[in-house]
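Novice: Turn this into a model:
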Amino acid sequence: MTELSVRDRAVAEDDLFAERVRLHTHDKGLRKVHILEAGCGRGSGLALPSDLDRHVTGIDLDTPALRARTSAREDLDTFHLGDLRNAPLPPRAYDVVHADSLIERITHAELVLDRMIAALKPGGLLLVRFTDRDSAYGLIRRALPRRLRRLLGDDVGDTHPSVYEPITSLEGMRNWCLQRGLVIAEAHTETRGGGSVVALARALATLTGGRLTADHSELVLVIRKPESRFARII
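Specialist: Okay, here's the model as predicted:
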């Protein structure tokens, strides 16, 4: 795999992902794109154009808060409540899997990602955004209680304790993709958080001699599953 270029983005993640879904649908000649929203109890989903024919399936844990949020989403054609580590995911059923702010919040994240990839059709896209555990923001969100982070102006809106396994970093995702023959087609960074959180992140970056970066908080990745498992990874 060639050296990966990571770029800052001024465009919102949903705009990037929506455009990639549109292009993927066009390039593959799909009459209807089948999308899995993994962890659908958070966020509002992909901002897809109204003329794009799609079927969107959501899945998230069966808790009162997540059940209410999932039920209220108007973009889902169907949804299931269950743990992504063992919930039924039909193989090669989806053209796109979208996981927003999910993998940093779950245990056995690699297992969940493996199951999502198995549910992707060959040539399909995995679209993920997560807080980088190797950033100063990642340390803040791991170490500080949720109430204190909200007082500082952090708007991550956590509903569950964060886990931040090693895969929730660029190096972790690179290694996971390399071991499974996946291609990181794009990698971008974003920054989320209030002014006080930004100031604290910069202070942490200085104290750690730059080991923890304050240049971004989120990683946004477009990952492609090869058409064939024998495809050469360039």
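
Novice: Helices of this protein, start to end?
Specialist: In the chain, the segments counted as helices under DSSP state H are 13-28, 64-72, 109-119, 136-143, 146-151, 170-180, 195-207.

Novice: nearest to residue 54, of the ones you listed?
Specialist: With Cβ to Cβ, the closest approach to residue 54 among these belongs to helix 13-28: 8.0 Å. (Each C-beta comes from the backbone N, C-alpha and C, glycine too.)

Novice: quick one on the thing from earlier: looking at the helices of the chain, spot the one closest to residue 96.
Specialist: Of all these, helix 13-28 sits nearest to residue 96, with 5.5 Å by Cβ to Cβ.

Novice: Flag the shaky bits of this structure, pLDDT-wise.
Specialist: Residues of the chain that meet the criterion pLDDT under 70 lie in 1-14, 149-161, 229-234.

Novice: let's see it at 50
Specialist: Applying pLDDT under 50 to the chain flags the ranges 1-3, 10-11, 231-234.

Novice: most packed of the helices of the chain?
Specialist: Among the helices of the chain, helix 136-143 has the highest mean neighbour count (mean count of other Cβ atoms under 10 Å), at a mean of 22.

Novice: ok, residue 123 to residue 88 distance?
Specialist: From residue 123 across to residue 88, the span is 23 Å (Cβ to Cβ, to the nearest Å).

Novice: same question but for residue 222, I mixed them up
Specialist: Distance from residue 222 to residue 88, counting by Cβ to Cβ: 26 Å.

Novice: So which of the two has more stuff around it?
Specialist: When neighbours are counted by other Cβ atoms under 10 Å, residue 222 and residue 88 differ, and residue 222 comes out ahead with 18 against 9.

Novice: With distance to residue 216 as new columns, can the helices of the chain be given to me in TSV?
Specialist: Shown next, in TSV, are those (distance: least, Cβ to Cβ, whole Å):
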stretch	distance to residue 216
helix 13-28	12
helix 64-72	27
helix 109-119	20
helix 136-143	8
helix 146-151	17
helix 170-180	10
helix 195-207	10
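
Novice: To residue 127, which of the ones you listed lies closest?
Specialist: For residue 127, the closest of these is helix 13-28, at 4.7 Å, according to Cβ to Cβ.

Novice: What are the contacting residues of that closest one?
Specialist: Contacts to helix 13-28, defined as Cβ atoms under 8 Å, 6 or more residues apart in numbering, come from residues 9, 30, 33, 35, 44, 46-49, 52, 95-96, 98, 100, 123-125, 127, 129, 186, 188, 190, 218, 220, 222.

Novice: Of these, keep whichever come out buried.
Specialist: Among those, those scoring as buried are 9, 30, 33, 35, 46, 48, 52, 95-96, 98, 100, 124-125, 127, 129, 186, 188, 190, 218, 220, 222 (criterion: 16 or more other Cβ atoms under 10 Å).

Novice: Partner strands of the longest strand anywhere in the chain and their direction?
Specialist: Longest strand in the chain, counting residues (DSSP state E): strand 120-131. Sheet pairing of strand 120-131 (DSSP bridges) gives strand 94-100 (parallel), strand 218-224 (antiparallel).

Novice: Fine by me, we can end here.
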